[in-house]
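Q: Generate a structure from the sequence data that follows.
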Amino acid sequence: MKKFDADYKLLEDMYQDGYFPDFLVDKIKILAEGVIDFLETGERDLEAVQCKMDEMTLAVNDLQEEFEENDSELETVARESIGETIAYILKWFDIDMDVEDAIRERDW
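A: So this is what the prediction gives:
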């Protein structure tokens, strides 16, 4: 089974932007790592992968209020950073899924 690229920095743009509290970006990173752990098991069924992506995206949706409470929000930089991270994960594991489909449940 393929292990994820240990050199890739998940959500790097969000971590570099002081607008996003690191402790909240950490929560999104943990959710992305859950997807990575799932894919490292060798799972490649697109329905199962989509279900895991939906689960992650819905959990990110649930963080919006917490971002707002900390004078931040999931806006353009966040959308792009999350999208780039997910795109990299999908490509790394050779999952043929469009990133917009992967995060189709997003409301940010």
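
Q: What residues of the helix or strand containing residue 60 count as buried?
A: Assigned by DSSP states H and E, residue 60 belongs to helix 46-61. Burial within helix 46-61, assessed by neighbour count using 16 or more other Cβ atoms under 10 Å, is assigned to 49-50, 52-53, 56-57, 60. Every residue, glycine included, has its C-beta placed from N, CA and C.

Q: can you check stretch 35-46 too?
A: 35-36, 38-39.

Q: Give me the contact list for the longest helix that the chain contains.
A: When the chain is parsed with DSSP state H, its longest helix is helix 22-40. Identification of contacts with helix 22-40 by Cβ atoms under 8 Å, 6 or more residues apart in numbering yields 1-4, 10-11, 14-15, 49, 52-53, 56, 59-60, 63, 66-67, 70, 72, 82, 85-86, 89, 93, 95.

Q: which of these are buried?
A: 4, 10-11, 14, 49, 52-53, 56, 60, 63, 67, 72, 82, 85-86, 89, 93, 95.

Q: Go ahead and confirm residue 10 touches residue 87.
A: No - under the criterion of Cβ atoms under 8 Å, residue 10 makes no contact with residue 87, lying 11.9 Å away.

Q: returning to what we had before: please convert the buried residues of stretch 35-46 to TSV, extending it with distance to residue 104.
A: Shown next, in TSV, are the buried residues of stretch 35-46 (distance: Cβ to Cβ, whole Å):
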residue	distance to residue 104
35	14
36	19
38	17
39	18
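
Q: Out of those, flag the one nearest to residue 100.
A: Lowest distance from residue 100 to the buried residues of stretch 35-46 (Cβ to Cβ) belongs to residue 35, with 15.9 Å.

Q: What angle do helix 22-40 and the helix holding residue 60 make with each other?
A: With axes from the mean of the first three to the mean of the last three Cα atoms, to 10 degrees defining the directions, helix 46-61 sits at 170 degrees from helix 22-40.
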